[in-house]
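Undergrad: give the three-dimensional model of this entry:
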Amino acid sequence: MADDSPATKPTNGSPTNGAAANKVDVPKGVWQPCPSCQATVFQKALEENMYVCPECGYHHRISARTRIAQLVDPDSFEEFLPDLVSTDPLKFKERLTYKERLREVQEKTGETEAVVVGKAFIRGRPVILAAMNPFFIMASMGSVVGEKITAGLERAADENIPFVVVTTSGGARMQEGMVSLVQMAKTSAAVARLDDAGGLYIVVMADPTTAGVAASFASLGDIHLAEPGAMIGFAGPRVIENTIRAKLPEGFQSAEFALQKGFVDRIVHRHNLRTEIARIIDYAGK
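TA: Numbering: from 1, shown residues only. Okay, here's the model as predicted:
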């Protein structure tokens, strides 16, 4: 016979189990799980710690605007080319058309594209700063990203001030096909012009810096800094393993591995980036 005692019988479809009855819904955005150590961190504490996990030091991905606010002197950032948008050269369509996808991510992020570029001061030193946004189609490089990076490099050369870029990208933007791929050559040529002008070029590699961005302007700096644990590489580990038919070493494509192999000059904690960039500018006499 079924037990219909009050302790087990639901009333009006609601559970009467003590734990379930006392469960409290936590408002969205109050707590943030750490993907590295799995700790649940108070969102405000995470923000105050520059989006670095206070438990394990994991550097969370952050937006371009957050990155800029962390690096530059207050109210010193003057953005340029803010309204450039893709013309959808291939009339690309998947689940959504490319134009629909752009509108969707623009509404979600409040940005027109995957990189923000402008002139600013970092501890009183003038720079041209570009910050990529991993929340905008994984900061993939299409025609607009290539144009804005190129414009920033050229302006740095014209004004004889350093160019600083924070890279975090999944690579080329497939919706723009060959138009996206030629941005590798375009941005690399702009880096060469800055170098010919005697300019200083500082790259900060954040998680992830991969594929076409890693194979072009992200790897051509005078100085390469990286955040701890950042993924840095070209193709994914499984693709490489299948190509060379060999097991990759532990930690492959991490910032620490890149430092060991000489592809990165220094790993810098997010708290210290402003000071480190200013110090490098002073050392270079810029």
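
Undergrad: residue nearest the middle of this structure, spatially speaking?
TA: residue 168 (3.2 Å; CA atoms, centre = their mean).

Undergrad: can you pull the phi/psi pair for it?
TA: Per-residue torsions, residue 168: phi -160, psi 100 (degrees, to the nearest 10).

Undergrad: nearest residue to it in space, please, no chain neighbours.
TA: In space, and not counting its chain neighbours, residue 168 is closest to residue 206: 4.2 Å by CB to CB, 6 or more residues apart in numbering. Every residue, glycine included, has its C-beta placed from N, CA and C.

Undergrad: three-state assignment of that neighbour?
TA: Put simply, residue 206 is strand when judged by DSSP: H, G, I helix; E, B strand; the rest coil.

Undergrad: got it, and residue 193?
TA: When classified by three-state DSSP, residue 193 comes out as helix.

Undergrad: excluding chain neighbours, what is closest to it?
TA: Going by CB to CB, 6+ apart, residue 193 has residue 157 as its nearest residue, at 5.7 Å.

Undergrad: the helix or strand where residue 190 lies packs against which elements?
TA: Residue 190 belongs to helix 177-196 when assigned by DSSP states H and E. Helix 177-196 sits against helix 143-159, strand 201-210, helix 211-214, with contacts defined as 3 or more CB pairs under 8 Å, 6 or more residues apart in numbering; DSSP states H and E.

Undergrad: downstream neighbour of the shortest one in the secondary structure list?
TA: Okay, so that is helix 211-214. strand 223-226.

Undergrad: other SSEs contacting the helix or strand following that next one?
TA: Helices and strands here follow DSSP H and E; after strand 223-226, the next one along the chain is strand 232-233. Where contact means 3+ CB pairs under 8 Å, 6+ apart, strand 232-233 is packed against strand 201-210.

Undergrad: could you export the strand it packs on as CSV, CA atoms only?
TA: Taking C-alpha atoms only, strand 201-210 is exported to CSV below (Å, rounded to 0.1, in the frame of the first residue of the first chain):
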residue,chain,number,x,y,z
TYR,A,201,55.0,47.7,-30.9
ILE,A,202,53.8,45.8,-27.7
VAL,A,203,51.6,42.8,-27.9
VAL,A,204,49.7,41.4,-24.9
MET,A,205,48.5,37.9,-25.6
ALA,A,206,45.3,37.0,-23.7
ASP,A,207,43.3,33.8,-23.8
PRO,A,208,43.0,32.7,-26.6
THR,A,209,45.4,34.1,-29.2
THR,A,210,45.1,31.7,-32.1
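
Undergrad: what packs against it?
TA: The helices and strands touching strand 201-210, judged by 3+ CB pairs under 8 Å, 6+ apart, are strand 163-169, helix 177-196, strand 223-226, strand 232-233, helix 273-283.
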